[in-house]
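# got a structure for you, letters missing:
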């Protein structure tokens, strides 16, 4: 039994498992942000534009007890497109911010004066002496 517990500890503490757990947690939080963006920001103006059209009641009746709910599928398809667009906008904004940050870092790094170590100075002197020979 102890061997199984030790093996499980090794498995649970591997970097991939921890990374996956962090990714799932962050993904869940990001999903809530996207859902709020779609429901609270995008849908209200869209609802005004389409004047509350609801496709969920559209269905194709096969028999009295069976029908194809095509309207629900249409609603879910529209919702998917809106969520995908919202994710696209968020990723685009994050990438633009990352690029600006990296450009600032590169500019700051380029602006730093290069300070040579004593060893580098000695090597340059040796190189210069060898060139004169």
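Arrived safely. All figures in this text were calculated on a predicted structure; none of them were measured in a lab. Numbering: from 1, shown residues only.
# which helix or strand contains the most centrally placed residue in the chain?
Centroid-nearest residue in the chain: residue 91, 6.1 Å away (criterion: Cα atoms, centre = their mean). Taking DSSP states H and E as the criterion, residue 91 maps to helix 70-111.
# pLDDT below threshold where in this protein?
Across the chain, the ranges flagged by pLDDT under 70 are 15.
# coming back round to it: what's the helix holding residue 91 packed up against?
helix 15-36 (3 or more Cβ pairs under 8 Å, 6 or more residues apart in numbering; DSSP states H and E). Where C-beta positions appear, they are placed from N, C-alpha and C, glycine not excepted.
# the inter-axis angle of the helix it packs on versus helix 70-111?
120 degrees (axes from the mean of the first three to the mean of the last three Cα atoms, to 10 degrees).
# any idea how far the helix or strand just after helix 15-36 is from the chain center?
Toward the C-terminus, helix 15-36 is succeeded by helix 43-50 as the next helix or strand (DSSP H and E). For helix 43-50, the separation from the chain centroid amounts to 27 Å (computed by Cα atoms, centre = their mean, to the nearest Å).
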